[in-house]
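Engineer: how would this look folded up:
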Amino acid sequence: MSTQVFVNLPTTDLERSKAFYTALGCQINPLFTDENAACVVWSEDIFFMVLTREYLATFTDKPIIDPRQSLQTSVSFSRDSREAVDEILARGLAAGGTEPRPPQDLGFMYSRDLDDPDGNALGFLFMPPQAAQEGPDAFLADQNPQGDPA
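Structural biologist: Coordinates of the predicted model:
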């Protein structure tokens, strides 16, 4: 049996959150969706449980932060290309998300951040397979063997 990952995220507007995540290409599992929560299906093993703040508070004695003011977690997803990163950001921005900082191009990895309408932080990145196998330093050295400035 594979491990499934469930990420719980607070929302102040469940319908808005469902619309945002479906605009990114996710599905909503109706078996685990009601007026308190929506099960957002990223893949067969990755799910977001988008929960009203009041409902999420029933699972903990800790305060529920406002993700627009504080960062609790940032969840990142790999994409198959730089263009796929840009494409999902465009869909997210059109659906009410915000991009809190400029794209990051580190040579071995290209990434962009997207906050959902509640401020929950998502990241999308592309890393060439060679960079993932060799690590950043070796990949960058292969790209610039003479050490020439980029």
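Engineer: can we go C-alpha only for contacts and neighbour counts from here?
Structural biologist: Noted.
Engineer: so who does the residue nearest the centre of the chain touch?
Structural biologist: The centre of the chain sits closest to Leu122, judged by Cα atoms, centre = their mean, with a distance of 2.8 Å. Neighbour list for Leu122: 74-77, 113-116 [criterion: Cα atoms under 8 Å, 6 or more residues apart in numbering].
Engineer: among those residues, which are in strands?
Structural biologist: Secondary structure from DSSP state E places 74-77, 113-115 of the contacts of Leu122 in strands.
Engineer: what's the closest of these to Glu99?
Structural biologist: Closest approach to Glu99 among the ones in strands among the contacts of Leu122 (Cα to Cα): Leu114, at 4.8 Å.
Engineer: who does that closest one bridge with?
Structural biologist: Leu122 (DSSP bridges).
Engineer: and Ile65, that one's in a helix?
Structural biologist: No: under DSSP: H, G, I helix; E, B strand; the rest coil, Ile65 falls outside any helix and is assigned coil.
Engineer: what's the closest non-adjacent residue to it?
Structural biologist: Nearest residue to Ile65 in three dimensions, chain neighbours excluded: Gln72, at 7.6 Å (Cα to Cα, 6 or more residues apart in numbering).
Engineer: element containing the one you found, please.
Structural biologist: Using DSSP states H and E, Gln72 sits within no helix or strand.
Engineer: roughly how far apart are it and Asp34?
Structural biologist: 25 Å (Cα to Cα, to the nearest Å).
Engineer: which of the contacts of Leu122 sit farthest apart?
Structural biologist: Farthest pair in these, by Cα to Cα: Phe77 and Asp116, 14.2 Å.
Engineer: quick one on the thing from earlier: please report the distance of the residue nearest to Ile65 from Phe48.
Structural biologist: Noted for Gln72: a distance of 15 Å to Phe48, by Cα to Cα.
Engineer: between the two, which is the more surrounded one?
Structural biologist: Taking other Cα atoms under 10 Å, Gln72 and Phe48 do not tie; Phe48 has more neighbours (19 against 12).
Engineer: which helix or strand contains that one?
Structural biologist: Per DSSP H and E: Phe48 is located in strand 46-52.
Engineer: who are the packing partners of the next helix or strand after that strand?
Structural biologist: Moving toward the C-terminus from strand 46-52, the next helix or strand (DSSP H and E) is helix 53-56. With contacts taken as 3 or more Cα pairs under 8 Å, 6 or more residues apart in numbering; DSSP states H and E, helix 53-56 sits against strand 5-11.
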